[in-house]
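K.L.:
sequence and predicted structure below; questions after.
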Amino acid sequence: MTGIVDYNAGNITSVERALNSLQASYVLSKKPSDLENCDRIIFPGVGDASYAMEQLKKTGFDIFLKEWAKSGKKLAGICLGSQIIFDFSEEGNVPCLGLIPGKIRHFHDLWKEEGIDASSLKCPHMGWSDLTYTNGGSSLFQGIPEHSDFYFVHSYVICPQEKSVIKATADFGIKVPACVEKDNITVFQFHPEKSGEKGMQILRNFIK
């Protein structure tokens, strides 16, 4: 059984629609207690990091997700859900869940540090970008050729402390960590549930 975290900051409908098309059993809930017996958790999200963290604390999902990560059961973060799994977000300057060491930083700051002329780049990074696998990729990419396209919408960038956890990157002025994996946690900066058949294959691999 797959659990979906509903904390008033998620792209819930598209995730539900994707799982329904896969005929996958799932539980969607605003209560952590309803998801305790699930085998795996999907942690989606869109919007502002500080608001999302506020909602997680109100619902108790902040504690739940930390305990879930310790349990060794599978956890997949999507978009904003992928970002607030890390230590800190510069979006609202808010401490996050700290499940994987790293920070979330704005594209403009990273481009400036790298001396990149971003005049031809529009932020947010929105649209389809292809992935380059790194560090052996992830088992969740099984059946998906490298350089397949996935759908992105984000202005902030995952910056893991350990580069070895980056399993795929996309190019947008800099190499954008698109998939990060550490132990039982896998996060996707892109939206698998909005990325056509290749994205559906990722979800199929996750719930398998």
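P.N.:
Here it is on my side, so go on.
K.L.:
return the distance of residue 49 relative to residue 183.
P.N.:
Residue 49 sits 23 Å away from residue 183, going by C-beta to C-beta, to the nearest Å. Placement of C-beta: from N, CA and C, glycine included.
K.L.:
my error: substitute residue 92 in the last question.
P.N.:
In terms of C-beta to C-beta, residue 92 sits 27 Å off from residue 183.
K.L.:
re the thing from before, neighbour count: residue 49 and residue 183, which is higher?
P.N.:
Applying other C-beta atoms under 10 Å to residue 49 and residue 183 shows that residue 49 carries more neighbours, namely 23 against 12.
K.L.:
list the contacts for the more buried one?
P.N.:
Going by C-beta atoms under 8 Å, 6 or more residues apart in numbering, residue 49 touches 80, 83-84, 89, 91-92, 94, 96, 104, 156.
K.L.:
top of those residues by neighbour count?
P.N.:
In terms of neighbours by other C-beta under 10 Å, the contacts of residue 49 top out with residue 84 at 29 neighbours.
K.L.:
contact partners for the closest residue to it other than its chain neighbours?
P.N.:
Distances taken as C-beta to C-beta, 6 or more residues apart in numbering put residue 96 closest to residue 84, at 4.3 Å, once the chain neighbours are dropped. By C-beta under 8 Å, 6+ apart, the contact set of residue 96 is 49, 53, 83-89, 104.
K.L.:
try it again with 7 Å
P.N.:
Shown in contact with residue 96 (C-beta atoms under 7 Å, 6 or more residues apart in numbering): 49, 53, 84, 86-89.
K.L.:
where does residue 53 land in three-state SS?
P.N.:
Look at residue 53: counting by DSSP: H, G, I helix; E, B strand; the rest coil, its state is helix.
K.L.:
pretty sure it sits against residue 94.
P.N.:
Yes: Residue 53 lies in contact with residue 94 (C-beta atoms under 7 Å); the separation is 5.2 Å.
K.L.:
distance from the chain centre to the strand ranked longest in the chain, please.
P.N.:
With secondary structure taken from DSSP state E, the chain has its longest strand at strand 174-182. For strand 174-182, the separation from the chain centroid amounts to 10 Å (computed by C-alpha atoms, centre = their mean, to the nearest Å).
K.L.:
which other helices and strands contact it?
P.N.:
Packed against strand 174-182, as judged by 3 or more C-beta pairs under 7 Å, 6 or more residues apart in numbering; DSSP states H and E, are the following elements: strand 156-160, strand 166-172, strand 185-188.
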